[in-house]
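Peer 1: I would like the atomic coordinates for the input below:
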Amino acid sequence: MSAFRYKALNTEGRLVKGVLEADSERHLRAQLRAQKLRPVEVRGVAVKEAKGPRSRFSLFKSGLSASELALITRQLATLVASALPLDECLQAAAEQTRKPSIKSILLEVRSRVSEGYTLASGMAQYPQAFGEMYRAMVHAGEQAGQLAPVLEQLAEYTENRQLTAQKLKLALIYPFVLMGVAVSVVAALMVFVVPELVGIFTHTKKELPPLTVGLIATSDFLRNWGVYLLAGLLLSVVGIRRLLLEPRRRLQWHQFLLRIPGIGTVLVGIDTARFSSTLSILMASGVPLLDALHIAGSVMSNRELQKAAAKVADNVQEGSSLNKALSQGSVFPPMMVHMVASGEVSGELEVMLERSATNQERELEMTLGTVMGLFEPMMVIVMGGVVLLIVLAILLPIFDLNTMVR
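Peer 2: Reported below is the predicted structural model:
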């Protein structure tokens, strides 16, 4: 059976949409008529969902968000642990979701499982929804006959990843909003308020202070060219994103980011924590070390760090221990290397990798908290300085006029 997306008219003449499983389009139309629905459009979803995302621009790729993947994984883990057949678990998870795209993915995976394929093979049709690490863990769980525990681990992992991402987003929302409001207020003052206040000085024959001249020139520039400036900035952002799609330029950009003081440290902390956590859960699920290293490296977002992880995998394949391979990379934190060395000696490498990831995430949260704590007063100081300059530029000519009158 395959999943089909349909549009139909109900008894009241209203258009309804949904996703159903059927052997063929004809079978689906018969199901719809049995539900007193008149089919308008019926089409399969497998080709559209599996191939479509790869050809789209990166901003519009379909798939599953972190929250959706976490919820689906938790549902599947609970259902599989209750000893239900796998196809029934997927059917139940599909029935519990209200989003048609998610339902179509789950039903298509169920169709593949019903045909005799493994769950990992069914998920491989949707690489944008189920990543390589996710599928590798599912495959290892199926091979070992421990799918339920592995899905439980995946559920914990995806939920923790979602929680970490939410913390980062919440930490960045306030400074970006504050910066946006500050820029908007200053722009509004320069475009609408300043021209009205300083217009009275332009008709005087007395030479204006340099600060006032600069304010008038800036105001005139923003009024005449502000729209073009904004459009140019937007086009520049789009153009840069287009250029960064090329692998060589993207690698150069990521190398540049790592060299920026502060930003590079944060990026290394985020990616190495993700690397440690992914490697830990893969090894705990029974994935071989070399395969786990390649998958954990691909999870990292920075291309330069991905190259370092690939070098680590090559060194391990040549016979080096994991801690020596990590220390040769020079990008992995020393504390992580020491904890890996301790884990290799004690035989608890998975546990030490997880502790390393937890420590790095905690340090990252503290760093971001400190930066955000400094950013807020800095923005207030900058805003105060800009407003002070505007006020002085307006008041200086007034003081000169008062002096002339006296």
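
Peer 1: what's the spacing between the helix or strand G343 falls within and its chain's center?
Peer 2: Using DSSP states H and E, the element containing G343 is helix 334-346. Relative to its chain's centre, helix 334-346 lies at 29 Å (CA atoms, centre = their mean, to the nearest Å).

Peer 1: equivalent analysis for stretch 266-281, please.
Peer 2: Worked out by CA atoms, centre = their mean, stretch 266-281 lies 15 Å from the chain centre.

Peer 1: mind checking the pLDDT average for that stretch?
Peer 2: For stretch 266-281, the mean pLDDT works out to 85.

Peer 1: my guess is E132 contacts G297, does it?
Peer 2: No: checked against CB atoms under 8 Å, the pair E132 and G297 is beyond contact range at 10.4 Å. For every residue, glycine as well, the C-beta is placed using N, CA and C.

Peer 1: compare neighbour counts for those two and give me the winner.
Peer 2: Higher neighbour count among E132 and G297: G297, with 21 against 15, using other CB atoms under 10 Å.

Peer 1: how far away is that one from R242?
Peer 2: 26 Å (CB to CB, to the nearest Å).

Peer 1: L353 sits in which helix or strand?
Peer 2: helix 349-405.

Peer 1: give me the helices and strands touching that helix, please.
Peer 2: Applying 3 or more CB pairs under 8 Å, 6 or more residues apart in numbering; DSSP states H and E, we find helix 349-405 packed against helix 147-188, helix 194-198, helix 210-243, helix 263-284, helix 334-346.

Peer 1: 10 Å instead, please
Peer 2: Counting by 3 or more CB pairs under 10 Å, 6 or more residues apart in numbering; DSSP states H and E, the packing neighbours recorded for helix 349-405 are helix 147-188, helix 194-198, helix 210-243, helix 263-284, helix 289-299, helix 322-329, helix 334-346.

Peer 1: out of these, which gets nearest to E363?
Peer 2: helix 263-284 (6.5 Å; CB to CB).

Peer 1: between that closest one and helix 334-346, how big is the angle?
Peer 2: 20 degrees (axes from the mean of the first three to the mean of the last three CA atoms, to 10 degrees).

Peer 1: quick one: helix 263-284 to helix 349-405, angle?
Peer 2: Counting by the same axes, to 10 degrees, helix 263-284 points 160 degrees away from the direction of helix 349-405.

Peer 1: alpha carbons of helix 263-284, as CSV, please.
Peer 2: What follows is helix 263-284, C-alpha atoms only, in CSV (Å, rounded to 0.1, in the frame of the first residue of the first chain):
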residue,chain,number,x,y,z
ILE,A,263,32.5,33.8,17.8
GLY,A,264,34.9,31.1,16.9
THR,A,265,34.9,29.8,20.5
VAL,A,266,31.2,29.7,20.6
LEU,A,267,31.0,27.8,17.2
VAL,A,268,33.6,25.3,18.3
GLY,A,269,31.7,24.7,21.6
ILE,A,270,28.4,24.1,19.8
ASP,A,271,29.8,21.7,17.2
THR,A,272,32.1,19.8,19.5
ALA,A,273,29.3,19.3,22.0
ARG,A,274,27.1,18.0,19.2
PHE,A,275,29.9,15.8,18.0
SER,A,276,30.4,14.3,21.5
SER,A,277,26.8,13.7,22.2
THR,A,278,26.1,12.1,18.7
LEU,A,279,29.2,9.9,19.0
SER,A,280,28.2,8.8,22.5
ILE,A,281,24.7,7.8,21.5
LEU,A,282,25.8,6.0,18.3
MET,A,283,28.4,3.9,20.2
ALA,A,284,25.9,3.1,22.9
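
Peer 1: what about L389, neighbour count?
Peer 2: Counted with other CB under 10 Å, L389 comes out at 13.

Peer 1: isn't it right next to P210, touching?
Peer 2: No: the criterion here is CB atoms under 10 Å, and L389 misses it with P210 at 11.8 Å.

Peer 1: still on that earlier bit, now the weakest link among the helices and strands packed on helix 349-405, please, by mean pLDDT.
Peer 2: In terms of mean pLDDT, the lowest-scoring of these is helix 194-198 (a mean of 73).

Peer 1: show me what it is packed up against.
Peer 2: Checking 3+ CB pairs under 10 Å, 6+ apart, helix 194-198 ends up next to helix 210-243, helix 349-405.

Peer 1: for the first one, name the packing helices and strands.
Peer 2: With contacts taken as 3+ CB pairs under 10 Å, 6+ apart, helix 210-243 sits against helix 147-188, helix 194-198, helix 247-259, helix 349-405.

Peer 1: mind checking the pLDDT average for the host helix or strand of Q306?
Peer 2: Under the criterion of DSSP H and E, Q306 resides in helix 303-317. Taken as a whole, helix 303-317 carries a mean pLDDT of 90.

Peer 1: can you name every helix or strand that it contacts?
Peer 2: Going by 3+ CB pairs under 10 Å, 6+ apart, helix 303-317 lies up against helix 247-259, helix 263-284, helix 289-299, helix 322-329.

Peer 1: how much space separates P261 from R362?
Peer 2: In terms of CB to CB, P261 sits 22 Å off from R362.

Peer 1: so those two - more neighbours on which side?
Peer 2: Neighbour count, other CB under 10 Å: between P261 and R362, R362 has more, with 11 against 6.

Peer 1: verify the contact between the more buried one and A273 for me.
Peer 2: Yes: contact criterion CB under 10 Å: R362 and A273 qualify, at 9.3 Å.

Peer 1: one step back: out of the helices and strands packed on helix 194-198, which is the most enclosed?
Peer 2: A comparison of the helices and strands packed on helix 194-198 by mean neighbour count, using mean count of other CB atoms under 10 Å, puts helix 349-405 on top with a mean of 15.

Peer 1: helix 210-243 and that helix, what's the angle between them?
Peer 2: For helix 349-405 against helix 210-243, the angle by the same axes, to 10 degrees is 150 degrees.

Peer 1: check which helix or strand covers V40.
Peer 2: Residue-wise, V40 maps onto strand 38-44 under DSSP H and E.
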